[in-house]
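Chemist: Have a look; sequence and predicted model below, questions after that.
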Amino acid sequence: EFAYRLSILMDPLTLDDYRQLLETTGGQADTTRCQRLIKELEDKLIFGNQWWFRHEKIQSFIEHQLKPELQMTYHKAAAAFFEEKLKAQKGIAFSELRSLSYHCHMGAKESAEWEKSLELNSGLAERAFDKGSLDVAEECYLRAEEAARKLRDEEQAMASRGNMASVYKVWGRIEEAEKINNNTLQYYKGKERKK
């Protein structure tokens with residue numbers, strides 16, 4: 001169960017963060033118990049160095065054993081955990097903000113949750129693009145686009161697509177960027193004609 005709860009995470013955490021996350025997801029946790037569970041995972045060759053999965057395929061396999069409802073529950077709990085860190089620390093590291101936007105998106109089911117995902121992922125995508133973390137920018141723009149589509153907000157979805165074209169242009173994927181830009185242009189021309 002410990003491995004299941006951690007399998008949805010993007011990055012390893014500190015021992016104290018694991019303890020807090022377990023408490024957030026309804027598990028019984030103390031530092032000694034977390035250490036023991038991590039040691040068991042290491043002994044079974046599930047965990048390797050730095051209290052994390054030995055390989056991403058192991059993590060993926062464990063995560064895919066979870067039923068979708070339980071995955072969503074764990075994502076919501078992880079989002080709440082990172083949100084609490086944000087409030088407590090008056091700011092969190094870029095990687096933690098990335099985790100917050102990811103878990104918020106993966107746990108979204110209702111309209112208000114999709115709106116929050118759209119806001120978080122759009123904001124982080126712009127920040128990631130500005131600092132040159134284009135892989136993070138792309139994944140956030142994709143999540144923002146999906147959230148906008150869930151909200152039936154075609155304009156926001158097209159804005160995310162257009163921003164993704166900028167990422168592809170920097171990467172040298174010019175044909176993809178042009179195709180997206182052409183689709184975006186057609187969308188806005190269509191909107192103008194309807195006016």
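Modeler: Here it is on my side, so go on. Numbering: from 1, shown residues only.
Chemist: quick one: the helices in this protein?
Modeler: 2-7, 15-24, 31-43, 56-63, 68-89, 94-106, 111-130, 134-150, 154-171, 174-194 (DSSP state H).
Chemist: The second one: which residues count as buried?
Modeler: Going back to what we said before, that points to helix 15-24. In terms of neighbour count (16 or more other Cβ atoms under 10 Å), helix 15-24 has its buried residues at 17-22, 24. C-beta coordinates here come from the backbone N, C-alpha and C atoms, glycine included.
Chemist: Columns pLDDT on top of those, output as a markdown table?
Modeler: Converted to a markdown table, the buried residues of helix 15-24 look like this (pLDDT from 0 to 100):
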| residue | pLDDT |
| --- | --- |
| Asp17 | 90 |
| Tyr18 | 89 |
| Arg19 | 89 |
| Gln20 | 87 |
| Leu21 | 87 |
| Leu22 | 83 |
| Thr24 | 71 |
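Chemist: just for this structure, where's the confidence low?
Modeler: Counting by pLDDT under 70, the ranges of the chain that qualify are 25-29, 90-91, 195.
Chemist: Give me the neighbour count for the closest residue to Val170 other than its chain neighbours.
Modeler: Among residues not flanking Val170 along the chain, Leu134 sits closest, at 6.1 Å (Cβ to Cβ, 6 or more residues apart in numbering). Under the neighbour criterion other Cβ atoms under 10 Å, Leu134 is assigned a count of 15.
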